[in-house]
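Enquirer: show me the folded form of this:
(2 chains)
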Amino acid sequence: MTPILEVRGVTKAFGGLVANDNISLTVPKGSIVGLMGPNGSGKTTLFNSIVGYHPIDRGSIAFEGREIAKLRVPEIARLGLLRTFQQTRIYSKMSCLENMQISVPDTRDGLRTMFSKVPPAVTEQAEGLLEFVGLHPKRHLRGGELSFGQRKLLELAMALMHEPKLLLLDEPTAGINPVLINNLIDRLKRINADLGVTLFVIEHNMRVIMKLAEHIYCLAHGQLLADGPPEEIQTDQRVIDAYLGAA
Amino acid sequence: MTDATRNLLLYALIGLIGLLAPYLAPAFRIQMALLWMMILFALTWDLGGGQMGYNSFGNIVFFGIGCYAAAVVQRELFFTVEGQPQATGDLATTSPLFNYFNGFAVGLALAVIIALAVAAALGSGILGLRGHYFAICTLGVGIAAGEIASGWGYIGAGSGMVAPIFPGHPSQAALFFYYLFFVLAVICFFTLKGLYASRFGLAINAIRDDEDKAEAMGIHTTRYKTVAWCIAAFFLALAGGAFGHLNNFIDREVAFPGITFGVWMVLMAILGGKGTLWGPVIGATIFHVTQELFWTYLLGWQRVALGVLIVVIVVFFPLGIMGWLRERWPEKFGETVDLEARTAPISLRESQ
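Expert: Purely as a prediction, here's the structure:
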């Protein structure tokens, strides 16, 4: 499979703290790849580096064969590489529907597009996706009135509205009602299979990541500790030590 | 009665009052002209400060640019005033080409062009600042503009300059400027109403709520912010050009009144309700009327009363009048808040 994302030797330090140390990984097109590791192991820093949130110190990041390490966040987003936030970010004073409507790709906005009304097709697509994540009854509520878990679902739907090629999900199931998690896994798999979106997922919940990902990378102390299929990672002694502490 | 007809009736009523007002109360023509100007101030400030979350104290710069540009054009396009004795001894007649109104129109056009250029140039620089930094920077820009105006000989420096006298009776001048400000405020209102209902409105609201998220979603934030500022600059430059002509005399205190108009435009928008369409209109009306009453009945204490009013606004109406009404009766503002929607369980049915 052709890689959609190739990270080569990425290093990022904050002062003396090396948050990412020479990380290399590959996300094949059309796959679901997991990223795990204990708190503070540098997962979110790696996500931030990939989407251009901060400049990297060394290394290269290629999206569909194109070097993106020097591009800024909105430019990368417009290429079709989108991320959701661990601390969920939505537009809190706008209704859920408006949150969705403004999330369509902003590629050719001359003054005419800027000043035009939201096309009915977009509203229709927005309602469909809200239905898909189960938020349709709440579409007229303001974003800020949703619970944390519901905001996560809204943020996911907003990302889908953008029709990304690659979606980086930062802990998509954190704060979600455990009963819903199974269904959410099913939704994520459908996003991947039906909508053709490649997923790169940070996840702490073992059960989720094992069910979801085809391949898992594990970070610890800013370094790549192990990678392999879920069954292999689950039994890898180094991974167990990193999470639970070596005996 | 549907919402649409009710709105139409409301617009018709306000339009009718606006059209008839100068005849119903001829003595208050100038005051009412200024009321429409205040409404325009509050509306344009709210575009940036309310809808986009960029609190600017420097919008007055565009007003001042309008004042000076329009007056300078009139001066440079020197023309004779009808009936004025000439050096030849004849009385001047109006030239069809060079008269007060043509000069005024050219001046307003130039005012708009300069203001837009300045807004775009300044905007691309300082709209990158966020929160308090942006507010402080715009405050500095406003003060700097005043300093430049008071030191620049071409535009009269410290001694100011005069705009030409209106060709006609002062009451006609008042009528002319009343309708000018009325039309400007109405156009401004409906322009913003249309913009807020478009993708532009959603985008600047998104920037207000979470600019990092808007960037992460690929929205051209800088472009939207600059365009928003340019729209405010457009209307403020027109208002400035008209106000300079109405006032006849222009110096830095008239053109860049940062501590009066500059602060009032913020207060009026906050009083009425930041980020709402009607809020600035209501806020400006209440503020302007109250202020005039203070001048009339509390002379000597008018600034103190104004200060108390400002404190009351900020402490008791942090959301403004419209914001307060909206929190109180959200369903009247098109926000569905039925308990059913609020408590509806989130269900993800298994894939079909």
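Enquirer: drop to CA atoms for contacts and neighbour counts, all remaining ones
Expert: OK.
Enquirer: ok, the residue nearest to residue B:159 when sequence neighbours are not counted - contacts?
Expert: Once its chain neighbours are removed from consideration, residue B:159 has its nearest residue in residue B:251; the separation is 6.9 Å (CA to CA, 6 or more residues apart in numbering or on different chains). Listed by CA atoms under 8 Å, 6 or more residues apart in numbering or on different chains, the contact partners of residue B:251 are B:149, B:150, B:156, B:157, B:158, B:159, B:160, B:161.
Enquirer: now do 7 Å
Expert: Residues in contact with residue B:251 (CA atoms under 7 Å, 6 or more residues apart in numbering or on different chains) are B:158, B:159, B:160, B:161.
Enquirer: can you lay out these as a markdown table showing pLDDT, secondary structure and neighbour count?
Expert: Below are the contacts of residue B:251 laid out as a markdown table (pLDDT from 0 to 100; DSSP: H, G, I helix; E, B strand; the rest coil; neighbours: other CA atoms under 10 Å in any protein chain shown):
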| residue | pLDDT | secondary structure | neighbour count |
| --- | --- | --- | --- |
| B:158 | 83 | helix | 16 |
| B:159 | 86 | helix | 14 |
| B:160 | 86 | coil | 20 |
| B:161 | 88 | strand | 20 |
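Enquirer: next one: phi and psi at the residue nearest to residue B:159?
Expert: Recorded main-chain torsions at residue B:251 are phi -140, psi -170, according to degrees, to the nearest 10.
Enquirer: gap between it and residue B:262?
Expert: Distance of residue B:251 to residue B:262, given as CA to CA, to the nearest Å: 16 Å.
Enquirer: now the strands for chain A?
Expert: Along chain A, counting by DSSP state E, strands occupy A:3-14, A:17-28, A:32-36, A:58-63, A:66-67, A:81-83, A:166-170, A:198-202, A:215-220, A:223-228.
Enquirer: buried residues in the top helix by length along chain A?
Expert: Identified as the longest helix of chain A according to DSSP state H is helix A:178-193. Buried residues in helix A:178-193, defined by neighbour count with 16 or more other CA atoms under 10 Å in any protein chain shown: A:180, A:181, A:182, A:183, A:184, A:185, A:186, A:187, A:188, A:189, A:191, A:192.
Enquirer: of the strands of chain A, which is nearest residue B:23?
Expert: strand A:81-83 (59.9 Å; CA to CA).
Enquirer: which strands and helices sit next to that closest one?
Expert: Helices and strands touching strand A:81-83, by 3 or more CA pairs under 7 Å, 6 or more residues apart in numbering or on different chains; DSSP states H and E, are strand A:166-170.
Enquirer: can you name every helix or strand that the strand it packs on contacts?
Expert: Partner elements for strand A:166-170 (3+ CA pairs under 7 Å, 6+ apart): strand A:81-83, strand A:198-202.
Enquirer: quick one: strands adjacent to the last one?
Expert: Strand partners for strand A:198-202, identified by DSSP bridges, are recorded as strand A:32-36 (parallel), strand A:166-170 (parallel).
Enquirer: tell me the average confidence for it?
Expert: Mean per-residue pLDDT for strand A:198-202: 94.
Enquirer: return that strand as CSV; C-alpha atoms alone will do.
Expert: Extracted in CSV, the C-alpha atoms of strand A:198-202 (Å, rounded to 0.1, in the frame of the first residue of the first chain):
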residue,chain,number,x,y,z
THR,A,198,-7.3,7.2,6.4
LEU,A,199,-7.2,7.4,10.3
PHE,A,200,-4.3,7.9,12.5
VAL,A,201,-5.5,7.6,16.1
ILE,A,202,-4.1,8.4,19.5
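Enquirer: the bottom helix or strand of the chain by mean pLDDT?
Expert: Looking at chain A here, since you left the chain open. Least confident helix or strand of chain A, by mean pLDDT, DSSP states H and E, is helix A:111-115 with a mean of 80.
Enquirer: close to chain B, is that one?
Expert: Yes: counting by CA under 7 Å from any CA of the partner chain, chain B is contacted by helix A:111-115 at A:114, A:115.
Enquirer: quick one: the closest residue to residue B:237 other than its chain neighbours from residue A:169, how far?
Expert: Of all residues not flanking residue B:237 in the chain, residue B:66 sits nearest, at 4.0 Å (CA to CA, 6+ apart). The gap separating residue B:66 from residue A:169 is 50 Å, by CA to CA.
Enquirer: quick one: low-confidence residue ranges for the chain.
Expert: You didn't say which chain, so I picked chain A. Residue ranges of chain A with pLDDT under 70: A:107-109, A:246-247.
Enquirer: could you do chain B instead?
Expert: If you take pLDDT under 70 as the line, chain B has these spans: B:1, B:78-98, B:334-352.
Enquirer: which residue lies nearest the spatial centre of it?
Expert: When CA atoms, centre = their mean is applied to chain B, the residue found nearest the centroid is residue B:41 (2.1 Å).
Enquirer: chain A contacts on the stretch 51-200 of chain B?
Expert: B:195, B:197, B:198, B:199, B:200.
Enquirer: and those residues, which of them are in helices?
Expert: B:195, B:199, B:200.
Enquirer: most neighbours out of those residues, which is it?
Expert: residue B:200 (26 neighbours; other CA atoms under 10 Å in any protein chain shown).
Enquirer: ok, now which ones touch that one?
Expert: Listed by CA under 7 Å, 6+ apart, the contact partners of residue B:200 are A:114, A:115.
Enquirer: and if you look at residue B:39?
Expert: B:185, B:280, B:281, B:284, B:285.
Enquirer: the third one belongs to a helix?
Expert: Meaning residue B:281. Yes: judged by DSSP: H, G, I helix; E, B strand; the rest coil, residue B:281 forms part of a helix.
Enquirer: wait, residue A:58 touches residue A:8, no?
Expert: No: applying CA atoms under 7 Å as the test, residue A:58 and residue A:8 come out as separate, 9.1 Å apart.
Enquirer: tell me the contacts of residue 29?
Expert: Just so you know, I chose chain A. Residue A:29 neighbours (CA under 7 Å, 6+ apart): A:1, A:2, A:3, A:4, A:198.
Enquirer: the chain in question should be chain B.
Expert: Counting by CA under 7 Å, 6+ apart, residue B:29 touches B:22, B:174, B:175, B:178.
Enquirer: element containing it?
Expert: Of the helices and strands defined by DSSP states H and E, residue B:29 is found in helix B:29-49.
Enquirer: packing partners of whatever helix or strand comes next after that helix?
Expert: Per DSSP H and E, the first helix or strand lying C-terminal to helix B:29-49 is helix B:60-76. In this structure, helix B:60-76 packs against helix B:100-126, helix B:131-151, helix B:221-247, helix B:252-255, with contacts taken as 3+ CA pairs under 7 Å, 6+ apart.
Enquirer: show residues contacting stretch B:50-62.
Expert: B:48-49, B:115, B:131, B:135, B:138-139, B:141-142, B:145, B:204-205, B:207-208, B:233, B:236-237, B:256, B:258, B:262-263, B:274-275.
Enquirer: any idea how many residues pack against residue A:207?
Expert: Neighbour count for residue A:207, taken as other CA under 10 Å: 11.
Enquirer: for the one 5 residues further on, same thing?
Expert: Residue A:212 has 21 neighbours, counted by other CA under 10 Å.
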